[in-house]
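> Next one to model:
(2 chains)
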Amino acid sequence: MLSVQQLACERGRKRLFTGLDFQLQPGQCLHIQGANGAGKTSLLRIVCGLAEAASGVVRWRDQDTRLDPGAFRADLVYLGHTPGLKDEFSAFENICFQSQLDGVTSSPQQVEAALQRVGLGRQQALPLRRLSQGQKRRAALARLIVRAAPLWVLDEPLAALDLPAQQLVADLLAGHLHAGGLALVTSHQPLGVECLNLRLGA
Amino acid sequence: MSGHLRACLALLRRDVGSAARRPGDVATPLFFFVVVSALFPLAIGPELGTLRLIGPGIVWVGALLSSILAMHRLFAADMADGSLEQLALSPTPLGLLVAAKVLAHWLLTGAPLVLVAPLIALQFDLSADATGVLMLALLIGTPVLSLIGAVGAALTLGLRGAELLLCLLVLPLYIPVLVFGAGAVQAQLGGLGAQAHMSVLLALLTVAVFLCPWAGSAALRIALE
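Residues are numbered from 1 along each chain as shown, chains lettered A, B, ... in the order given. The predicted structure follows:
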């Protein structure tokens, strides 16, 4: 489904990685590891199409993702270091806005249920600036529940999360893979699901 | 197609709603406009002929400066909290989303200028029909300012000293709007009628509507890399 061929990435004059190949089939998760600065985030951003690769191709459903980016983006959900949520809105409003932006129709009940699942049932109407860093990360995770996208690209999803929330990420990932989804995840910790491993900078 | 429209409307609602929760962001450029244009009659004195002559130009310079005042925030906040990445990854083309953001920016900074313009016109002793022409010219011209400014804001996004650079980049591009916007009122006062100037302003708006969102989205993609 997702295949990456001969991918190379340069930042300034530094070559972060070159000749990178991997393939993911439905139900598989790729756990990307590597030292700080090894290019994990750059790799994810290249796969999403946010950054240009120095060379190489990313194919989704056997098609170069640059040919029809709109269709690829409709299949993709990306959670980066900064989750893209607005501080002055509540978690509920943020998730509703995100799903409209993603072109998904989700009822208020669905969003409420998703926020309940990530443990923000009682805080869903508070402006996000009143929540802690970890609670904001949890709010971002609610997007994964509301939006049924086949490809998840998660950058350090476990950062700032407590143990129950880390277990929640593992459960969400397991459910997603079981349903035939794909996932690309960077993390310095074990993910708690069976996955392929890729070590950058080795 | 309706999905794209819904995404744009959601973005428009979010930007306007977010400004409603921080009213200072809307009030600052508006007060700046009112205060700057009010300084000139005070400095020049009650010479009605002179005031009528310089009035339209001053109102337009005030509008230009106040439009640029809020411009650098257009994408900077979205860049900082990561929502710009999410906009770029939406299935909706980024150009349409940029257009929605520009419309929100205009509703918050341009439209209020049109509404307070009669108040300023009073200070410059402009007649009722000259005031009408001034409002109409602002109504057509300020969206052009927002559109051009958005391209500048996208180009300077993430650079050091972005605010000053944005002014240097964008103010020269505002000149045609300034010339024809102020000229429309002068022509009306001179008895020539403002129709020719309005047509040029409308032409500028049409070109800007088609070009600026796409130029802005291309610049944003570069800024995101």
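> Next up, the contacts around the residue lying closest to residue B:36 once chain neighbours are set aside.
Nearest non-adjacent residue to residue B:36, counting by Cβ to Cβ, 6 or more residues apart in numbering or on different chains: residue B:62, 4.7 Å away. (C-beta placed from N, C-alpha, C; glycine too.) Applying Cβ atoms under 8 Å, 6 or more residues apart in numbering or on different chains, we find residue B:62 in contact with B:32, B:33, B:36, B:37, B:120.
> Check whether the third one really touches residue B:65, as I assumed.
Yes. The pair formed by residue B:36 and residue B:65 meets the contact definition of Cβ atoms under 8 Å, at 6.6 Å.
> near chain B, which residues of chain A show up?
Taking Cβ under 8 Å from any Cβ of the partner chain as the contact definition, chain A meets chain B at A:48-52, A:70-71, A:73-74, A:76, A:78, A:80-89, A:97-98, A:100-103.
> What segments of chain A are strands?
For chain A, the strands defined by DSSP state E cover A:2-11, A:14-24, A:29-34, A:55-60, A:63-64, A:76-79, A:151-155, A:182-186, A:196-200.
> So for the second one, what gets flagged as buried?
By neighbour count on 16 or more other Cβ atoms under 10 Å in any protein chain shown, the buried set for strand A:14-24 is A:16, A:17, A:20, A:22, A:24.
> Report the strands that pair with it, each with its relative direction.
strand A:2-11 (antiparallel) (DSSP bridges).
> residues making contact with the partner strand?
Applying Cβ under 8 Å, 6+ apart, the contact partners of strand A:2-11 are A:15-24, A:39, A:42-43, A:46-47, A:51, A:53-60, A:151, A:182, A:184.
> For the host helix or strand of residue B:6, what is the distance to the chain centroid?
Using DSSP states H and E, residue B:6 sits in helix B:2-21. Relative to its parent chain, helix B:2-21 has a centroid offset of 19 Å by Cα atoms, centre = their mean, to the nearest Å.
> so what's the residue in chain B that chain A sits nearest to closest to, chain neighbours aside?
For chain B, the residue closest to chain A is residue B:82, as judged by Cβ to the nearest Cβ, at 3.1 Å. Excluding the flanking residues, the one nearest residue B:82 by Cβ to Cβ, 6+ apart is residue A:82, at 3.1 Å.
> so who does that neighbour touch?
B:80, B:81, B:82, B:85.
> residues in contact with the first one?
When the contact criterion is Cβ under 8 Å, 6+ apart, the partners of residue B:80 are residue A:82.
> which bits of chain B sit near chain A?
B:3-4, B:6-7, B:10-11, B:14, B:17-18, B:21-22, B:80-93, B:224-225.
> re the thing from before, and the residue of chain B closest to chain A, how many neighbours?
Residue B:82 is flanked by 18 other residues according to other Cβ atoms under 10 Å in any protein chain shown.
> Relative to residue A:73, how far out is it?
16 Å (Cβ to Cβ, to the nearest Å).
> Next: residue A:129.
29 Å.
> Quick check: phi and psi at the residue of chain A at minimum distance from chain B.
Evaluated by Cβ to the nearest Cβ, chain A has residue A:82 as its residue closest to chain B, separated by 3.1 Å. Per-residue torsions, residue A:82: phi -100, psi 120 (degrees, to the nearest 10).
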